Each structure stands twice: as structure tokens, then as C-alpha cells.
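Turn this into a structure:
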Amino acid sequence: MKDRRENWSSNFGFILAATGSAIGLGNLWKFPFITWKNDGGAFVLIYLICIIAVGLPIMMAELLVGRKTQKSAVGALREAIGPAWGWVGTWGVMAGFVILSYYAVVAGWSLFYLFQTLNWSFFGFPTQANMGGLFAGLAANGLLQTTLSGTFMLLTVAVVFFGVHGGIERTARLCLPALFVIMLLLLFSALSMEGSGEALNFIFRPNFSELDTAAILEALGHAFFTLSLGMGTMIVYGSYVARERSLVNAAGSIVILDTVIALIATIIMFSVIFTVPGMPEQVDGSSVGMLFISLPQLFYEVVPFGVVLAPAFYLLVALAALTSTISLLEVVVSYFIDQRKMERSRATLLSGACIYIFTFLSGLSFGAFPWLSNFELFDGKAGFFATMDHFASNWALPLGGLLITLGVGWFMPSSDTEAELVGSGSPGWFSHKAWLFAVRFIAPAAVAAILIAVIFFGKDFS
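This next block holds a predicted model:
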């Protein structure tokens, strides 16, 4: 007899787990950075439109494929759409593998700054601190990089090892509430700062004279990437959803929570930026600089209760990273469980070990190992880490997302998609015809625009 597939114990548990997958470092550092770079206001409004018109329909498409077939990405696409579409699922598994391999390095940085800020909070912040030098030293220290990323991979493997309910859902139930509480504490502190009014005006005052085509593409790209789309994550998570639960309500809740977290993070960072004289001129370099170079010192010199909030913030970053790395590993593990008939324990250990080989290479590519640091497949992207990031962000995810959207919209029977989306618990406002139009026309055109921008105009979404 075929073993019964694991399910989320409740709709709330599923929403927390899927939201945790979507909420990652992109919410906490990339969205604030690109909002700053694109002059706020109008960019934020366009981003919200893209989330609703593109991100939400694709998320529903991935969830329904998983729930209908009760299989991971490869088997699900093969069964729901056709035998050839299994290759699209394989592409998604490969994308998850690649992304986790370098994402774990950045996640390791969050652990370093968590322990560093705890040390500063207890023993004092150095008066002549050189934050740029501290981060450069971390990046170039191969042993420290591989140890930190290895620790984070061990945490990720430990969670996935215990399965959907005992590992992933239980961790989400612990991490997500803690994440929300920390965000609210940071928001309360930020709104008490004198620059908060200017920050809110910058974020929510649309001025379309400041908007250009590049900003629209940036908003579109991030709306797609932020929801963990294009690599089968939501197909896998959807495969664990019970039949009687509404995918429309769940997808809507995930998108709302993910967007709210991104906006709160932006308010927090911009309140700090607009409070410190000269700070706006210092944040144009990179999102990494904003998160790991500029903010640590500001917590201790500017932010109210920064001694408490600094380690809380980097704990938040670590939790957000963990809930994302869990979902990335689950994409790979579920492939071995479903397609190779492995036990979860063996599949998890094998997947984690294989991925860490590439994590190890990424961790050594910031100066510790010259060959890896100079490794270049794409123009202007020197280093193994940068190469993997560029490939995943500009090729793997957009192509996977485009093919999944076309497959569900044009090759999967509309009666099947309607059966999964319309039924018990679905909201009255939901229109399957409107969703189908979005999946057939709006979403593919939007994701195709990302690929066109990459191929013909050299746009970089990494």
C-alpha cells in the first residue's frame, strides 16, 4: 500500500511555513535597498500592483499543481500537465539546489552579526569601530565563512530531517511569531525617531515623475522573486495541503504577510537613514552595505534601545534566512523522496551534504581562494558566489517561472485548475476566469519581460 503523504496539521501552519519561505533576506535588505534606489513612492505602488497581478496568480498556479497531484515538482508537473513537463520540475530542483548553496553563506553572516551584536550589547560597542573593515575581514576569512555557512546548513538539515509536521511546520510556528514580534518592536522604535515622518513620506508618496522603465522592471522582478516562485517551492508546499482547504485564501494570506514584512523593514531602515545627518549619501553602494556595514553602528549610536534591538534585529535576519533555507532544501529532498523513493532521513542528509560542497566553494570566493574569487562565467560577475547568484536570479528562476505559468495556463485543463481553486472555503470575490486571464496573459508577459531585459538589455536582478 502506498504511504499516506504528510500534510500540514492546519491551514495556519501551512500559511506560516509558506510565508516563512517567502519572507527572507530579500524582504529585509533587498526591498529596502531597491526602494531607496528607485525613489520610493511610485516604485512601491508599482511593486504592489505587480504583486497582485503577477506574484499572486503564479503562486496559486504552483500551489494548485502541488495539491492536485500530491507530488513534488518533477512528478507534479509531469502528472498535471504532461510527461515532458517533468523537465521543468527538474530545472526547479536544480534552481533550489543552486540558490541554497550560496544563500547559506549570507545566512551565515547573520549568525556572525547576531553573536557580534550580543557581544557589543554586553561588553560595549567600540568607539573606533570600523564596520567596513569588520565585514571585509569576515568575507575574506575562508575558515570562518565555511564554518558559519556550515552551521546554518546543519540547522536547516536538522529541521527538514524531522519532516513536514515535526520539522518544517513546528519550526515555522516558533520562528514566524518571534519574527513578527521583533519586527513590531523595531517598528515602534523606528517610528519614535525624528526621521520617521520623512521616511513614511518617501515610501508612500507616489511621484510618477521619478519613475522610469528600469524601476518598473525592478518592481516586477522583485515581486516575482520575493514569493519563492519559479523553482517549485510552492508546488512542494502545496502538495502537503489537505483537499478541504482553500488555496485562494492561503495564497492571499501569504502574499499579504510577505508584503507587510517588506514594508515594515523599509520603514525601519528609512527612519534610521533620515534621522542620521549625511546617512542618505552613504547607502547608495549596495544592499549588503546597508545591512551589515551601516546598520550595526547606527543601532548603538542612534536607535532608541539599540543595545537590545541590535541583537534582536540580527536574530530576525537569521530567522528569516532559516525559514527560507528550509523550503529550499525541502524542494531538493522531496525530489529524492518522490522520484528516487528514498527515506526522508537519507534524502535530507544526502541533499544537505551535496549542497554544502557548493556552499563551501561560495564561502571561499571572497578572497580566501584566488581561483574561486576570480571565477567568472558572466561578464562583471567575478567569484563563484556571484556567478551562482547571477545564474539563479537572471536565468533559473525567471525561466522556471515562465514555463510553469505557461504550462498551467495553457496546457493544464481549466476544469482541473477550477476544481482546485473554486470550492469549499474559497472567497466569494475570487473569479477563476480573471485568474486564468492573469496566468495566461499577464503573468507570462511580465516574466518574459524579465528574461528579455536580461538577454537583450543586460539587466541584472541578482
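
Residue 32: neighbour count?
Other residues near residue 32 number 24, with proximity taken as other C-beta atoms under 10 Å. No exception for glycine: its C-beta is placed from N, CA and C like everyone else's.

which ones are touching it?
Counting by C-beta atoms under 8 Å, 6 or more residues apart in numbering, residue 32 touches 262, 265-266, 269-270, 287, 290.

With pLDDT, secondary structure and distance to residue 74 added, can I get those residues in TSV?
Compiled in TSV, those are given as follows (pLDDT from 0 to 100; DSSP: H, G, I helix; E, B strand; the rest coil; distance: C-beta to C-beta, whole Å):
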residue	pLDDT	secondary structure	distance to residue 74
262	95	helix	31
265	94	helix	34
266	94	helix	37
269	89	helix	39
270	91	helix	42
287	62	helix	33
290	73	helix	38
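
By neighbours, which of those wins?
Neighbour counts for those were taken using other C-beta under 10 Å; the highest belongs to residue 265, which has 28 neighbours.

how many other residues sit next to the closest residue to residue 16 other than its chain neighbours?
The shortest distance from residue 16 to any non-neighbouring residue, by C-beta to C-beta, 6 or more residues apart in numbering, is to residue 172 (4.1 Å). Other residues within reach of residue 172, judged by other C-beta under 10 Å, total 27.

quick one: buried residues of whichever helix or strand residue 172 is part of?
Under the criterion of DSSP states H and E, residue 172 resides in helix 170-191. Buried residues in helix 170-191, defined by neighbour count with 16 or more other C-beta atoms under 10 Å: 170-173, 175-176, 179-180, 182-183, 185-187, 189-190.

Could you list every helix and strand in contact with that helix?
In terms of contact count using 3 or more C-beta pairs under 8 Å, 6 or more residues apart in numbering; DSSP states H and E, helix 170-191 is assigned the packing partners helix 11-22, helix 247-275, helix 306-339.

10 Å instead, please
The contact analysis (3 or more C-beta pairs under 10 Å, 6 or more residues apart in numbering; DSSP states H and E) places helix 170-191 against helix 11-22, helix 142-161, helix 196-204, helix 247-275, helix 306-339.

Specify the stretch among those that is closest to residue 433.
helix 247-275 (13.7 Å; C-beta to C-beta).

Report the angle between that closest one and helix 306-339.
Interaxial angle, helix 247-275 versus helix 306-339 (axes from the mean of the first three to the mean of the last three C-alpha atoms, to 10 degrees): 150 degrees.

pLDDT score assigned to residue 204?
At residue 204, the pLDDT value in this model is 94.

Revised request: answer the last question for residue 104.
For residue 104, the predicted pLDDT is 97.

Who are the contact partners of it?
Listed by C-beta atoms under 10 Å, 6 or more residues apart in numbering, the contact partners of residue 104 are 148-153, 155-156, 321, 325, 328-329, 352, 355-356, 358-360, 362-363.

Could you name the specific helix or strand carrying it?
helix 86-123.

Pass me the low-pLDDT residue ranges in the protein, would you?
1-4, 281-287, 289, 424 (pLDDT under 70).

Apply 80 and report the result again.
In the prediction, the chain carries residues with pLDDT under 80 at positions 1-4, 127, 129, 210, 278-290, 294, 423-426.

Residue 416 against residue 61, yeah?
No. In this structure, residue 416 sits apart from residue 61 without contact. The criterion is C-beta atoms under 10 Å, and the distance is 11.5 Å.

Many thanks, have a good one.
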